[in-house]
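> Whatever this is, show me its structure:
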Amino acid sequence: MRLLAWILRLIVFVLVLMFAMNNTASVDVNFYAGHAIAGVPLIVVMLVMFIIGVVLGLLVTLPAVLRRRREARKLRRDLARLQEQVRHAAAVIPSDAVTPEAMAPLAPL
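Numbers count the residues shown, from 1 in each chain. Have a look, this model is predicted:
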């Protein structure tokens, strides 16, 4: 499985490298208010836009990730508290106690 992952990574790397090599033409980048940068390689513009997209995507998902982590932490605390209650209840019940089923078996329905 690890070999397959590395082969897939190599294929993606080669495809991205070929794409970058085919997009080396210079372009002018025009901003608002008439500001422009001339002669920027197209692959640099595309790489910057990709990085901005990744950062924005991470920022959009950040609240949900933090909410899930907070909920998981709360659930772990609840689980620990309930396990402690079970341990305490097991220590309180004597081991020779008779269960209700042993005294009066359930009648068939």
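> C-alpha only now, for contacts and for neighbours.
Noted.
> the longest helix in this protein is where?
helix 42-92 (DSSP state H).
> and it, what does it pack onto?
In terms of contacts (3 or more C-alpha pairs under 8 Å, 6 or more residues apart in numbering; DSSP states H and E), helix 42-92 is not packed against any helix or strand.
> quick check: mean pLDDT across that helix?
The average pLDDT for helix 42-92 rounds to 93.
> Centre of the chain to that helix, how far?
How far helix 42-92 lies from its chain's middle: 7 Å, per C-alpha atoms, centre = their mean, to the nearest Å.
> now stretch 12-23
Distance, centroid of stretch 12-23 to centroid of chain: 27 Å (C-alpha atoms, centre = their mean).
> What are the contacting residues of that stretch?
By C-alpha atoms under 8 Å, 6 or more residues apart in numbering, the list of residues contacting stretch 12-23 from outside reads Pro41, Leu42, Ile43.
> give me that answer again for 6 Å
Here stretch 12-23 makes contact (C-alpha atoms under 6 Å, 6 or more residues apart in numbering) with Leu42, Ile43.
> Then stretch 27-36?
Ile37, Ala38, Gly39, Val40, Leu42.
> got a winner among these for most neighbours?
Among the contacts of stretch 27-36, Leu42 has the most neighbours (other C-alpha atoms under 10 Å), with 18 neighbours.
> Please name the residues that touch that residue.
Taking C-alpha under 6 Å, 6+ apart, we find Leu42 in contact with Asn23, Thr24, Ala25, Ser26, Val27.
> Now flag whichever of those residues is closest to Thr61.
Checking the contacts of Leu42 against Thr61 by C-alpha to C-alpha gives Asn23 as the nearest, at 30.9 Å.
> For Pro41, name its beta-bridge partners.
When assigned by DSSP bridges, Pro41 has beta-bridge partners Ser26.
> Could I get the CA-only coordinates of the helix or strand where Leu15 lies as PDB?
Assigned by DSSP states H and E, Leu15 falls within helix 2-22. The C-alpha coordinates for helix 2-22 follow below in PDB (Å, rounded to 0.1, in the frame of the first residue of the first chain):
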ATOM      1  CA  ARG A   2       2.900   2.400   0.800                       C
ATOM      2  CA  LEU A   3       4.500   1.600  -2.500                       C
ATOM      3  CA  LEU A   4       1.200   2.400  -4.300                       C
ATOM      4  CA  ALA A   5       1.000   5.700  -2.500                       C
ATOM      5  CA  TRP A   6       4.600   6.600  -3.500                       C
ATOM      6  CA  ILE A   7       3.900   5.600  -7.100                       C
ATOM      7  CA  LEU A   8       0.800   7.800  -7.100                       C
ATOM      8  CA  ARG A   9       2.800  10.700  -5.600                       C
ATOM      9  CA  LEU A  10       5.500  10.300  -8.300                       C
ATOM     10  CA  ILE A  11       2.900  10.400 -11.100                       C
ATOM     11  CA  VAL A  12       1.300  13.500  -9.700                       C
ATOM     12  CA  PHE A  13       4.700  15.200  -9.300                       C
ATOM     13  CA  VAL A  14       5.700  14.400 -12.900                       C
ATOM     14  CA  LEU A  15       2.300  15.700 -14.200                       C
ATOM     15  CA  VAL A  16       2.700  18.900 -12.200                       C
ATOM     16  CA  LEU A  17       6.300  19.300 -13.400                       C
ATOM     17  CA  MET A  18       5.300  18.800 -17.000                       C
ATOM     18  CA  PHE A  19       2.500  21.300 -16.500                       C
ATOM     19  CA  ALA A  20       4.900  23.900 -15.000                       C
ATOM     20  CA  MET A  21       7.400  23.400 -17.900                       C
ATOM     21  CA  ASN A  22       4.600  24.100 -20.400                       C
END
